[in-house]
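*Asks:* Sequence unavailable; structure follows:
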């Protein structure tokens with residue numbers, strides 16, 4: 001039986017079925033079952049317990065399953081005091097860094113690959129808070145200008161070999177530390193003869209680091225040993241910085257590019273290694289012209305995630321600095337932020353840590369459906385078809401099942417990998433046997449699974465119904 005879609009009478013109805021759920025874990029997902037299990041202290045010490053049954057709105061950042069971190073996703077000062085003593089507190093948190101230390105990794109056991117070391121700058125107390133193991137925290141630094149001293153530090157970066165670099169802003173220098181079995185140890189300090197107000201630092205793991213100087217409007221490139229290589233000019237009060245480089249194995253593209261917050265937080269720029277501007281995103285285009293960028297981090301796909309302290313948001317831009325989505329709102333509840341500053345992403349698994357005024361939060365990168373529309377059109381040969389527009393906030397695996405009266409008519413897509421952003425597919429109006437479908441109401445069920453560590457643990461289902469009359 002043949003049927004015809006009419007663009008004028010096709011009625012698309014959204015019935016509000018949009019659920020992001022924890023997915024049951026089976027034996028084939030054993031690797032994912034152990035992922036993140038031991039990261040209890042990674043965010044400088046997490047407290048609040050939340051079990052996610054479903055979430056509303058766009059959830060590009062999602063909480064890990066309960067069994068992976070025992071329901072602990074958020075840290076507070078009370079938890080910090082329990083671990084470090086009653087005098088411990090958060091005081092002007094700034095930059096964050098995460099890495100997987102090679103010396104603690106068992107290459108034959110993938111179950112420990114998620115066990116990160118995290119370093120948070122507690123600027124008001126001139127110290128670094130970090131985890132010496134998966135179950136113990138420590139601090140490094142005291143106020144001053146000599147060895148083992150810091151003065152109003154801001155940015156921080158670390159690599160898997162245990163090299164840690166801190167922007168010791170008040171002392172106009174970069175401090176190099178090493179994370180040994182004894183904890184963070186002083187190695188050297190450099191840059192005093194060049195830097196005035198170092199703000200953030202990013203390492204490439206090939207032995208170079210990039211430093212933004214807020215006062216001089218520059219990016220300075222150093223070797224790990226402190227040798228100054230060159231200066232990139234032309235910036236205005238730069239802040240956060242993130243580097244992509246072929247030496248970084250945990251990125252999909254490995255481009256030789258620099259992402260930097262410029263113009264005192266009002267612009268995000270993508271530069272080549274010569275300082276030439278490739279792309280620009282303006283903070284004023286977001287949040288009613290009141291957006292302000294602070295720190296940034298890059299994920300596996302070279303998306304730039306930027307904190308907005310003023311509006312309590314994290315903005316996501318793609319590799320070309322096209323805006324993707326903003327997450328969060330002001331508050332101290334779930335999926336809320338209070339003056340977020342530092343952000344760090346372990347690119348391999350999509351683990352995200354965010355520093356805020358009095359706590360730190362821990363997320364996984366997920367994916368969500370920003371758009372799902374169905375309308376009449378034609379295929380390349382001029383045949384009538386149902387046009388399905390899909391817009392994702394991150395890369396994901398998409399399945400679409402088309403049903404009528406509860407019965408499956410067409411398994412249209414099955415576990416197809418989609419890039420983030422918009423994509424259009426077309427249904428030829430035929431069932432699984434190749435027969436034209438009759439008129440009537442059809443249900444389009446989109447089933448989305450994210451990539452990264454969240455794959456196998458979460459899914460999003462969105463359902464729309466279309467009434468098609470002959």
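*Replies:* Thanks, I have it. Treat the numbers as computed from the prediction; the structure is a model and nothing was measured.

*Asks:* Tell me who's in contact with residue 312.
*Replies:* Each residue near residue 312 by C-beta atoms under 8 Å, 6 or more residues apart in numbering is listed here: 328, 329, 330, 331, 336, 337, 338, 339, 340. Backbone N, C-alpha and C define where each C-beta goes, glycine included.

*Asks:* Please apply the same query to residue 149.
*Replies:* Neighbouring residues of residue 149 by C-beta under 8 Å, 6+ apart: 126, 141, 142, 143, 171.

*Asks:* how about the helices in this structure?
*Replies:* Assigned by DSSP state H, the helices in the chain fall at 30-34, 66-69, 77-84.

*Asks:* Determine which of the ones you listed shows the lowest mean per-residue pLDDT.
*Replies:* Comparing mean pLDDT across the helices of the chain, the weakest is helix 30-34, with a mean of 40.

*Asks:* Correct me if wrong: residue 140 contacts residue 125.
*Replies:* No - in terms of C-beta atoms under 8 Å, residue 140 does not count as a neighbour of residue 125; the distance is 11.1 Å.

*Asks:* Can you list the low-confidence ranges for the stretch 201-350 of the chain?
*Replies:* For the stretch 201-350 of the chain, applying pLDDT under 70 flags the ranges 246-251, 254.

*Asks:* Now a ChimeraX select for only the buried ones of the contacts of residue 312.
*Replies:* In ChimeraX syntax, the buried subset of the contacts of residue 312 is picked out as below (16 or more other C-beta atoms under 10 Å):
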select :328,337,339,340
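
*Asks:* With respect to residue 303, which of the contacts of residue 312 is nearest?
*Replies:* Nearest to residue 303 among the contacts of residue 312, counting by C-beta to C-beta, is residue 328 at 16.0 Å.

*Asks:* Who are the contact partners of the closest one?
*Replies:* By C-beta under 8 Å, 6+ apart, residue 328 lies in contact with 312, 313, 314, 335, 336, 337, 340.

*Asks:* Same check on residue 208?
*Replies:* Applying C-beta under 8 Å, 6+ apart, we find residue 208 in contact with 221, 222, 223, 224, 229.

*Asks:* neighbours of residue 105, just the number please.
*Replies:* Residue 105 sits with 14 neighbouring residues when counted by other C-beta atoms under 10 Å.

*Asks:* List phi and psi for it.
*Replies:* phi -90, psi 130 (degrees, to the nearest 10).

*Asks:* And it, how far from residue 160?
*Replies:* Residue 105 sits at a distance of 8 Å from residue 160 (criterion: C-beta to C-beta, to the nearest Å).

*Asks:* Without its sequence neighbours, what residue ends up closest to residue 319?
*Replies:* Spatially, and ignoring its direct neighbours in sequence, residue 319 is nearest to residue 302 (4.1 Å; C-beta to C-beta, 6 or more residues apart in numbering).
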